[in-house]
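Chemist: my questions are about this predicted structure, shown below with the sequence.
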Amino acid sequence: MSKKYDVIIIGGGVVGSAIARELSRHKIEVALFEKEEELAFGVSKSNSGIIHPGTQNPASSLKGKLCVKGNRLTRKIARELELDFKEVGELIVAFSEEELFRLGELKSEAEKLGVPRLKIVGHKWLEKNEPNLNRKAKAALFAPTAGIISPYRLVYGLSENAQKNGVEIHTSAKAVEIDGERGAFEVFTTDGLFESKYIINAAGLFADDVAEMAGVDTFRIKARKGEEFLLDKKWEDLTRHLLFPLPSEKTKGILVIRTADGNPMIGPTAKEIEDKRDLATTDEGFKEVLSGAQKLVPGINGSDIIAYFAGLRPASGDDFIVREEKEVPGFINVAGIQSPGLTAAPAIALMVVGILKKSGLLLKKKKVFQKHRPKKMHLFAIPPSETKKLIKKNAAYGDIVCRCEMVSKGEVSEAIASGARTLDGIKFRTRAQAGRCHGSFCTTRLMKILSEKTEKPLTEITKRGEGSEIIKKDRCDG
Amino acid sequence: MVERDLVIVGGGPAGMAAAISAHENGVKDILLLERDQYLGGILNQCVHTGFGVEYFKEVLTGPEYAERFIKKIKEIPEIEVSLKTFVVNLATDKSLTYLLPGKMETLRAKTLIMATGCREKTREMAHIAGTRPAGIFSAGLAQKLINVEGLLPGNKVVIVGSGDIGLIMARRFTLEGAKVKGVIEIENVSSGLVRNVVQCVEDFNIPFYLRHKITRIYGRDRVEKVDVVQVDEKGTEITDSKFEIECDTVLISVGLIPENELIEMAGIVLDEKTNSPVTDEVNKTSIPGLFVCGNSFKVYDIVDTVTRDSLEAGRLAAEYLL
């Protein structure tokens, strides 16, 4: 007999996790399936972490509406899940009279959506409040409600809290076939066969493949690659706000971004590509990003770049797709969630709950919903006196594993206890290996801790799941 | 606050030599802090020979070289060694905070010697484009995996840069049965010692590509291949010179940087290019009584000279104190 759920969510990124948490308030059986070894390993891991105010999308778009609502909801979620959210504000910068005119258009469009406290600020204001900005900037649209959050920690916060409230999470569980109809779907996964009354497709880049399994062929997902570059932490105060150029039709352009971890980020590029697994950075991308960022902040130097990566946006047309499919009732697509998806995720989750209700799923609130998640420990984010007490109580917090980011064995063990199974999973949760030496010092220790806690031999420890073993086992003949 | 006469941060060859010499010069209260679980630092993973030729007039392995100092330190009761001890903060007045399992302590050092060594430059610092799969290691990490953990990280290896650790690892991988498919050096001469070029690369017929660089790494989960291109003396890529090397492992050996974040925290100015403290005199810094020695002062070619200069640092500390 296969296990039966009320709702199965396919995809463990920020969207799937936000939906899972929202559904866990109700008296229903919910399971989330993720094909990778850990959550947030797909589109979400390369997110820049911006919580957008809603200045970039037309007032008539679903994106725009969900973004503004999501911006509000994220603050509450951050409080409940003890995540660091910083409202740093954004500046969309104009360099010419023509661009200045467009700022006015952006402002009135955003005001229609209800984006609060927007203001066009002039040269003088910019010189005072954003000293490293290009002096040639004429004016900017200032949106104070823009913020930053760690994208992976948001996903882990949402999913761990959903799990605490009863959602089952299956990792390394790829959906391969879907049969049946509303009330009795069968989902064949690499982790076994499961049944469900409803299916929510939040499969990111592969949402079109999953939809097709269910017989829905109404959209395709195109991957649009974005290359991002991180600067050394010593430039944490390079800018006070998030800096944007004026957006084009397709993209927001090259930004200068503050991040939750302190390292400024520059990027992303926007290039449509065929291969949905192509995460390579390029020399051209590097040049494009550097010159784009220098247009905003001339002082940025290529030699201050300490890390880089590429992410893929799952794009389908111009807007989000959030709907129950007419031809397959009970199958709900949440697809094409590119930017501002991280911001919109909590609003998308509420919308999905509405769709399920309308479709006939009985949703009764649980008496007890544990909305809080205890704060994750970061040794140096607390006062020294508390660090001292903590170390006394648990010796492992005094055992430093990652020297660059000063992460202790206690924090690594905590990450593993809450679901980390790979070196990347530990990195996303704790920042161990994310510093300037890129893991030269701590890799072997992290491998040993993972091996000990998960009872796997060292040769089976991976960077990000099967196939990415750190130690290549099979010998070749040369 | 507790005060100690001399605190030494780092128990590698530099810190050990400084401790012994400070004691020989009359210092009676020495605290040696080491973050690892044993003294000896990076020497512990250097199982090859070539150490001690100048200082001991003998050919030793890394662990043998370290052992001579460790033995001496153990015989000196005035040197207190604290292992698994990690300094997290250093102030201008030479007070420092450190963690060890179960404890966090703060004390002030009347004299302080920083012997924190160096770290390897990364793939990111060399700006190599491409993917970020498993199989990319700093040469030192690969050395630790093989020599300390007994694990061979890969079978088909390309080495980027020709620093000494990279050269030594070319031989080490070959002896372990892996195939080293090339050492790629952007300059027209190796940055490593001549003896290492001869004994670790030429003697094993490993292809050595001078004036070449890697422009891209491929592979989603594990390294699959790299693009190599020839460059001219200015480092500009030569058209149509690109070729591929199939491999599962890329080692990065493009140089070392003194590890000086702690003294930077205390306000000592570092040279932007070399990350060494800005100073005119060996081992001295802008803070009186705060000395830096070994590879954190500057990157040395061989350990024998680290020992020589660090003995001097111990003497300077004694002179300052007494």
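Modeler: Ah, there it is.

Chemist: might you report the residue contacts of the residue of the stretch 151-300 of chain B found nearest chain A?
Modeler: Ranked by C-beta to the nearest C-beta, the top residue of the stretch 151-300 of chain B for proximity to chain A is B:D221, at 3.5 Å. Where C-beta positions appear, they are placed from N, C-alpha and C, glycine not excepted. By C-beta atoms under 8 Å, 6 or more residues apart in numbering or on different chains, the contact list for B:D221 reads A:K463, A:R464, A:G465, A:E466, A:G467, A:S468, B:P133, B:A134.

Chemist: one more: B:G166?
Modeler: B:G166 makes contact with B:A139, B:I159, B:V160, B:V183, B:G192, B:L251, B:I252, B:S253, according to C-beta under 8 Å, 6+ apart.

Chemist: residues near B:G150, how many?
Modeler: 8 (other C-beta atoms under 10 Å in any protein chain shown).

Chemist: so it is in which element?
Modeler: Under DSSP states H and E, no helix or strand contains B:G150.

Chemist: now check the lowest-mean-pLDDT helix or strand in chain A, is it near chain B?
Modeler: One helix or strand of chain A scores below all others by mean pLDDT, DSSP states H and E: helix A:384-393, with a mean of 91. Yes: interface with chain B: helix A:384-393 contributes A:P384, A:T387, A:K388, A:I391, A:K392 (C-beta under 8 Å from any C-beta of the partner chain).

Chemist: what lines up beside the helix or strand just after that helix in the sheet?
Modeler: As assigned by DSSP H and E, the chain's next helix or strand after helix A:384-393 is strand A:400-402. If you go by DSSP bridges, strand A:400-402 pairs up with strand A:407-408 (antiparallel).

Chemist: outside of the strand it pairs with itself, list whatever touches it.
Modeler: Against strand A:407-408 from outside (C-beta under 8 Å, 6+ apart): A:L379, A:A396, A:Y397, A:G398, A:D399, A:I400, A:V401, A:T430, A:R431, A:A432, A:C442, B:L99.

Chemist: state the phi and psi torsions of the closest residue to A:S44 other than its chain neighbours.
Modeler: Nearest residue to A:S44, sequence neighbours excluded (C-beta to C-beta, 6 or more residues apart in numbering or on different chains): A:G13, at 4.0 Å. With angles defined as degrees, to the nearest 10, A:G13 sits at phi -100, psi -160.

Chemist: among the residues of helix A:384-393 next to chain B, name the buried ones.
Modeler: A:T387, A:K388, A:I391 (16 or more other C-beta atoms under 10 Å in any protein chain shown).

Chemist: how close does the residue nearest to A:H438 when sequence neighbours are not counted sit to B:G140?
Modeler: With C-beta to C-beta, 6+ apart as the criterion, A:H438 has its nearest non-adjacent residue at 4.6 Å, and that residue is B:T122. Separation of B:T122 from B:G140 (C-beta to C-beta, to the nearest Å): 11 Å.

Chemist: show me which of those two is the more surrounded one.
Modeler: For B:T122 and B:G140, the more surrounded residue by other C-beta under 10 Å is B:G140, and the numbers stand at 26 against 20.

Chemist: rewinding a little: and the furthest pair within the contacts of B:G166?
Modeler: Of all pairs drawn from the contacts of B:G166, the greatest distance, 14.0 Å, lies between B:G192 and B:I252 (C-beta to C-beta).

Chemist: so if I had to pick from those two, which one is more boxed in?
Modeler: With neighbours defined as other C-beta under 10 Å, B:G192 and B:I252 compare such that B:I252 has more, 29 against 22.

Chemist: so that one bridges to which residues?
Modeler: Beta-bridge partners, per DSSP bridges, of B:I252: B:S138, B:V160.

Chemist: would you mind measuring from it to A:S440?
Modeler: Counting by C-beta to C-beta - B:I252 and A:S440 are separated by 9 Å.

Chemist: now for those two: what residues contact both?
Modeler: Jointly contacting B:I252 and A:S440 under the rule C-beta under 8 Å, 6+ apart are B:E120, B:T122, B:F137, B:S138.

Chemist: so where's the longest strand in chain B?
Modeler: Using DSSP state E to define each element, chain B has its longest strand at strand B:103-114.

Chemist: how about the residues of the stretch 51-200 of chain B by chain A?
Modeler: Close to chain A, as judged by C-beta under 8 Å from any C-beta, the stretch 51-200 of chain B has residues B:84, B:86, B:88, B:97, B:99-104, B:119-120, B:122-125, B:127, B:129-135, B:137-138, B:140-141, B:144-145, B:148-149, B:151-156, B:177, B:179.

Chemist: which residues are common contacts for B:T122 and B:G140?
Modeler: Taking C-beta under 8 Å, 6+ apart as the contact rule, B:T122 and B:G140 both touch A:S440.

Chemist: now do the helices in chain B.
Modeler: B:13-24, B:62-74, B:139-147, B:164-175, B:194-196, B:261-265, B:303-321 (DSSP state H).

Chemist: winner for burial among the ones you listed?
Modeler: Mean neighbours per residue, mean count of other C-beta atoms under 10 Å in any protein chain shown, is largest over the helices of chain B for helix B:13-24, with a mean of 27.

Chemist: between that one and helix B:62-74, how many degrees?
Modeler: Here helix B:13-24 runs at an angle of 30 degrees relative to helix B:62-74 (axes from the mean of the first three to the mean of the last three C-alpha atoms, to 10 degrees).

Chemist: name the surrounding residues that touch helix B:13-24.
Modeler: By C-beta under 8 Å, 6+ apart, the residues outside helix B:13-24 that reach it are B:6, B:8-9, B:30, B:32, B:34, B:39-41, B:43, B:65-66, B:69-70, B:72-73, B:76, B:78-79, B:113, B:115, B:117, B:291, B:293-296, B:303, B:306-307, B:309-315, B:317-318.

Chemist: quick one: that helix to chain centroid distance?
Modeler: 18 Å (C-alpha atoms, centre = their mean, to the nearest Å).

Chemist: repeat for stretch A:376-385
Modeler: The chain centroid and the centroid of stretch A:376-385 are separated by 24 Å under C-alpha atoms, centre = their mean.

Chemist: for B:I76, which non-adjacent residue is spatially closest?
Modeler: Excluding the flanking residues, the one nearest B:I76 by C-beta to C-beta, 6+ apart is B:H23, at 5.4 Å.

Chemist: check what pLDDT that neighbour gets.
Modeler: Looking at B:H23, its pLDDT stands at 98.

Chemist: please, which helix or strand holds A:S413?
Modeler: Judged by DSSP H and E, A:S413 forms part of helix A:409-417.

Chemist: and that helix, how far from the chain's centre?
Modeler: 21 Å.

Chemist: and it, what other elements does it pack with?
Modeler: Here helix A:409-417 touches strand A:400-402, helix A:423-430, helix A:443-454, going by 3 or more C-beta pairs under 8 Å, 6 or more residues apart in numbering or on different chains; DSSP states H and E.

Chemist: quick one: the strands in the stretch 101-250 of chain A?
Modeler: Using DSSP state E, counting those that start in this stretch, the strands found in the stretch 101-250 of chain A span residues A:119-122, A:139-143, A:147-148, A:168-170, A:175-181, A:184-189, A:192-201, A:222-231, A:242-244.

Chemist: output the helices and strands packed on helix A:409-417 in JSON lines; the columns should cover mean neighbour count and mean pLDDT.
Modeler: Formatted as JSON lines, the helices and strands packed on helix A:409-417 follow (neighbours: other C-beta atoms under 10 Å in any protein chain shown; pLDDT from 0 to 100):
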{"stretch": "strand A:400-402", "mean neighbour count": "26", "mean pLDDT": "95"}
{"stretch": "helix A:423-430", "mean neighbour count": "26", "mean pLDDT": "97"}
{"stretch": "helix A:443-454", "mean neighbour count": "19", "mean pLDDT": "97"}
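
Chemist: alright, calling it a day.
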